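J.: got a structure for you, letters missing:
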Ligand SMILES: [Zn+2]
């Protein structure tokens, strides 16, 4: 399946960007804190194969750890990649039990690779606590699609993860991977106030705010970060953020020790780029734009490469050392994951 996948071919443009811009930047050991491991069959929407994410079913119908390893070796040759991985949050109807069984099975024998389980606010407490007997689980992946309000855009944190679930995370000192909702993300007062309230009430929870706190360009971080920078239990991943000003704002805002690499695969390996304008952001790819490009090389590279370019330029301005680079790509993540204690 891997060798025949037309999505996984390295072009001369990809090779040139890797060789000239990234090979010397990306360290040998990597801890990716944001990988989705799943089967397309866990998406139980009968219309899924004509939906916007149908490429997943077509080219990435089963993303196992082995498959993720192969993708990483193709895009970042000779790197050793460990992962904090979790299921893909398909919209309802989603097979949560199957998703969680699969991620557990995929991470059970690999000592460095750990996982989060996919939860929704209606999930039975006993089911969650039963799964937590497995020590390879390091926390929860909630998602805005599962909002109790049915509003998946403007929902607050507690609309898609309950306080009872956060209490469990607090009891065991677990990680919660949080993709903030609401149009202004980390610049939204509800999100800021909720993070302050939840950090104070549940101090043992370790929050990862995905996608630079969902700030694909700098403005949201510049506006919001000063209000939460002193919260000790919040970390950030850079997954799929392709603008160096955003990485720079995060670095300036919270310091390098709170920032981690994430791929968001199999999103990061798609060709295109997350672009921003005004207060908007979205993924551009060769099928959804109409730009005139005859004056230049019009090919697109992987979102992953655009993200790594942004990370390189975002932190180069701050002149980080080699050892800080190791922290960014590996140590920060490893230390955070290791800080979640075994439960038996
Ligand atoms: Zn993701």
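T.: Ah, there it is. Being a predicted model, the structure only gives us computed values, none of them experimental.

J.: residue boundaries of the strands in the stretch 51-200 of the chain?
T.: Secondary structure of the stretch 51-200 of the chain by DSSP state E, counting those that start in this stretch: the strands cover 62-63, 80-86, 114-118, 137-141, 175-178.

J.: Output those as JSON lines; include the columns distance to residue 330 and mean neighbour count.
T.: For the C-beta atoms, the positions are set from N, CA and C on the backbone; glycine is no exception. Output for the strands of the stretch 51-200 of the chain, formatted as JSON lines (distance: least, C-beta to C-beta, whole Å; neighbours: other C-beta atoms under 10 Å):
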{"stretch": "strand 62-63", "distance to residue 330": "22", "mean neighbour count": "18"}
{"stretch": "strand 80-86", "distance to residue 330": "8", "mean neighbour count": "24"}
{"stretch": "strand 114-118", "distance to residue 330": "14", "mean neighbour count": "26"}
{"stretch": "strand 137-141", "distance to residue 330": "16", "mean neighbour count": "25"}
{"stretch": "strand 175-178", "distance to residue 330": "17", "mean neighbour count": "25"}
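
J.: Relative to residue 310, which of those strands is closest?
T.: Closest to residue 310 of those is strand 80-86 (C-beta to C-beta; 19.1 Å).

J.: Can you check the pLDDT for residue 55?
T.: On pLDDT, residue 55 comes in at 79.

J.: Count the residues that sit near residue 323.
T.: 9 (other C-beta atoms under 10 Å).

J.: I'd like the strands of the stretch 51-200 of the chain written out as CSV, with distance to residue 151 and mean pLDDT added.
T.: Listed next are the strands of the stretch 51-200 of the chain as CSV, based on distance: least, C-beta to C-beta, whole Å; pLDDT from 0 to 100:
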stretch, distance to residue 151, mean pLDDT
strand 62-63, 29, 95
strand 80-86, 23, 97
strand 114-118, 20, 98
strand 137-141, 20, 98
strand 175-178, 17, 98
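
J.: Let me see the contact set for residue 37.
T.: Residue 37 makes contact with 63-65, 68, 83, 85-87, 102-103, 106-107, 115, according to C-beta atoms under 8 Å, 6 or more residues apart in numbering.

J.: Would you mind giving both backbone torsions of it?
T.: phi -110, psi 120 (degrees, to the nearest 10).

J.: ok, now the one 4 residues further on?
T.: Here is the backbone geometry of residue 41 (degrees, to the nearest 10): phi -70, psi -20.

J.: List the contacts of it.
T.: 61, 95, 98.

J.: Outside of the lowest-mean-pLDDT helix or strand in the chain itself, list whatever touches it.
T.: Least confident element among the helices and strands of the chain, by mean pLDDT, DSSP states H and E: helix 54-59 (a mean of 82). Residues outside helix 54-59 that contact it (C-beta under 8 Å, 6+ apart): 5, 6, 7, 8, 40, 43, 48, 49, 88, 266, 270.

J.: Having no further points to raise, I will conclude here.
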